[in-house]
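>>> Quick check, what structure comes out for this input:
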Amino acid sequence: AVGADVPVLTRISSTDWVAGGWTVDDSVALAAELAGVGVDLIDTSSGGISTAQQIPLAPGYQVPAAARIRREAGVPTGAVGLIVEPEHAEQIVADGEADLVLLGRELLRDPYWPLHAAAKLNTTPTWPAQYLRAA
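Presented below is the predicted three-dimensional model:
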């Protein structure tokens, strides 16, 4: 309905981290179906739906699901999950584990994270013309 020039992203919970619940296997199948109906990228998150969940929190803990969905379903993915260091974000994309890194809570803590990341990675961000005075 939005046309081919508008990307369609879908956020899924790749696993609910509950024994006998939704798994990454299920998400691979779902992602393939979604890609078949026009979804361009799967935003791969997880958990948050059960008090019985056992989430192994660590930097990048959701990246393996994004990598597997990308590889097995053949659809681009966005990785999330305690990704706070610019080098880590860059490595995820460079290694082909995901096509992009999405930030949530880290941007709430530091809304200038992209600028700080660019400085830490010794690169200069580009600015839209209307924002050049803020650069």
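>>> And the pLDDT for the residue nearest to V84 when sequence neighbours are not counted?
Nearest residue to V84, sequence neighbours excluded (C-beta to C-beta, 6 or more residues apart in numbering): E106, at 5.0 Å. In this view, the C-beta of every residue, glycine as well, is placed from N, C-alpha and C. Note for E106: predicted pLDDT of 94.
>>> and the gap between S27 and I69?
Here the criterion is C-beta to C-beta, to the nearest Å. By it, S27 lies 6 Å from I69.
>>> Need the overlap of contacts for the two.
Counting by C-beta atoms under 8 Å, 6 or more residues apart in numbering, the common neighbours of S27 and I69 are S14, T44.
>>> Look at the two and report which has more neighbours.
Taking other C-beta atoms under 10 Å, S27 and I69 do not tie; I69 has more neighbours (27 against 24).
>>> Report the spatially nearest residue to that one, omitting neighbours in sequence.
Using C-beta to C-beta, 6+ apart, the closest residue to I69 is A31 (4.8 Å).
>>> and the one you found, what does it touch?
For A31, counting by C-beta under 8 Å, 6+ apart, the contacting residues are I12, V39, I42, I69, A73, V75, T77.
>>> Does it lie in a helix or a strand, and which?
helix 24-36 (DSSP states H and E).
>>> Equivalent analysis for H88, please.
Going by DSSP H and E, H88 is in helix 86-94.
>>> average pLDDT across that helix?
So the average pLDDT for helix 86-94 ends up being 98.
>>> do stretch 42-61 as well
93.
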